[in-house]
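K.L.:
My questions are about this predicted structure, shown below with the sequence.
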Amino acid sequence: MTTSSGIAIDGVGMQFGGRQGVTALEGIDLNISAGEFVALVGPSGCGKSTLLRIVSGLLEPTSGCVDVGGKTPDEARRDIDFGFVFQQPALFPWLRVLGNVLLPDRVLGRRSPNRGPGSEHVARELLRDVGLEGFEDHYPGQVSGGMRQRVALARALSYDPKILLMDEPFGALDEFTRDRLNLQLLDVCKKAGSTVLFVTHSIQEAIFLADRVVMLSPRPGHVTRIAEVPFPRPRNLEVRYEPEFAALAGELRGLLVVEDEVELARKQL
């Protein structure tokens, strides 16, 4: 049994299109502790985003099960245990920055202007945490792409979710903006204490952010390696120049190359 904000993934498989369809995931076993930051890395099409959707209850696996703090994913989603951040921030252009952050709790009907999750005070604090103090009254079209993604992160944290699910949230951003948002993400996650499951194509980003990096094989995706990240927190960008960092990144990248070569050979048979 998981703790209040942990995740247990047991034998999860996912097939689309019936018996003659596509097998996206196969035999996924993974336990994520409460407060842990876990990154999923693998080649395109290996099922990373599919696994994220299964954990969130948006997809039902064809085999295996997921436990979210003693609940099914559907129950956890209904209890608003999840916060979501995707590659596109999906802000409402007619709402100002502050209004977008407040929107989830307004929709949920939890109007608390001065205190608690969903309050304007908390929303303003979150915007300050992600470096957007002073932009509360701007519209999304008046700020940069990186700033819009920070609004999306603040919105996801505004109702104090136990678990943060992030699907390549910084993949479309330039390297400088991505580095800055990685640092801010570490800061706000430490403050919030959320459990994080983070999908990325970047091995360096995964190692920098996560406590553990989970490598998935080409489709059908299965776990090929779970790497413990040896660097203590708090972290700064200079850790990426440590020999241990380079060695781990090289090892994981080499594993991806080998998996790709195996997959290519299989297709040629």
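P.N.:
Okay, I see it.
K.L.:
phi, psi of the closest residue in space to residue 237 that isn't next to it in sequence?
P.N.:
Leaving aside its sequence neighbours, residue 237 sits nearest to residue 179 (C-beta to C-beta, 6 or more residues apart in numbering; 5.9 Å). The C-beta positions use only the backbone N, C-alpha and C, and glycine is treated the same way. The phi/psi pair for residue 179 (degrees, to the nearest 10) reads phi -60, psi -40.
K.L.:
shaky segments in the stretch 1-150 of the chain?
P.N.:
Within the stretch 1-150 of the chain, the set of residues satisfying pLDDT under 70 comprises 1-4, 18-19, 108-118.
K.L.:
Swap in 50 and give it another go.
P.N.:
Scanning the stretch 1-150 of the chain for pLDDT under 50 picks out the ranges 1-3, 111-115.
K.L.:
Helices of that one, residue ranges please.
P.N.:
With DSSP state H, counting those that start in this stretch as the criterion, the stretch 1-150 of the chain has helices at 48-56, 73-78, 97-108, 120-129, 145-157.
K.L.:
Using TSV, lay out those together with distance to residue 254 and mean neighbour count.
P.N.:
Shown next, in TSV, are the helices of the stretch 1-150 of the chain (distance: least, C-beta to C-beta, whole Å; neighbours: other C-beta atoms under 10 Å):
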stretch	distance to residue 254	mean neighbour count
helix 48-56	19	22
helix 73-78	34	17
helix 97-108	41	19
helix 120-129	37	18
helix 145-157	31	24
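K.L.:
Which of the ones you listed sits closest to residue 210?
P.N.:
helix 48-56 (13.5 Å; C-beta to C-beta).
K.L.:
Give the buried residues for stretch 168-175.
P.N.:
168, 169, 170, 173 (16 or more other C-beta atoms under 10 Å).
K.L.:
out of those, which are inside helices?
P.N.:
Among these, none falls in helices (DSSP state H).
K.L.:
from those, which ones fall inside strands?
P.N.:
Among those, no member falls in strands (criterion: DSSP state E).
K.L.:
my guess is residue 207 meets residue 213, correct?
P.N.:
Yes: the criterion here is C-beta atoms under 8 Å, and residue 207 meets it with residue 213 at 6.1 Å.
K.L.:
follow-up on the earlier one: identify whichever of the helices of the stretch 1-150 of the chain lies nearest to residue 202.
P.N.:
Here helix 48-56 is closest among those (C-beta to C-beta), at 12.2 Å.
K.L.:
Who are the packing partners of that closest one?
P.N.:
strand 7-16, strand 22-32, strand 37-41, strand 63-68, helix 73-78, strand 163-167, strand 195-199 (3 or more C-beta pairs under 8 Å, 6 or more residues apart in numbering; DSSP states H and E).
K.L.:
and the longest one with strand 195-199, angle?
P.N.:
Strand 22-32 runs at 150 degrees relative to strand 195-199, counting by axes from the mean of the first three to the mean of the last three C-alpha atoms, to 10 degrees.
K.L.:
Make 33 the starting number, not 1.
P.N.:
Yep, numbering from 33; the last one is strand 54-64 now.
K.L.:
Which parts of strand 54-64 count as buried, going by neighbours?
P.N.:
55, 56, 57, 58, 60, 62, 64.
K.L.:
What about the residue nearest to residue 269, how many residues nearby?
P.N.:
Residues lying near residue 211 (other C-beta atoms under 10 Å) number 16.
K.L.:
Mind pulling the model confidence for it?
P.N.:
On pLDDT, residue 211 comes in at 92.
K.L.:
re the thing from before, spit out the residues that contact residue 239 and residue 245 alike.
P.N.:
In terms of C-beta atoms under 8 Å, 6 or more residues apart in numbering, residue 239 and residue 245 are both contacted by the residues 71, 259, 261, 284.
K.L.:
Next one: the second one from residue 238, what distance?
P.N.:
In this structure, residue 259 lies at 9 Å from residue 238, with C-beta to C-beta, to the nearest Å as the measure.
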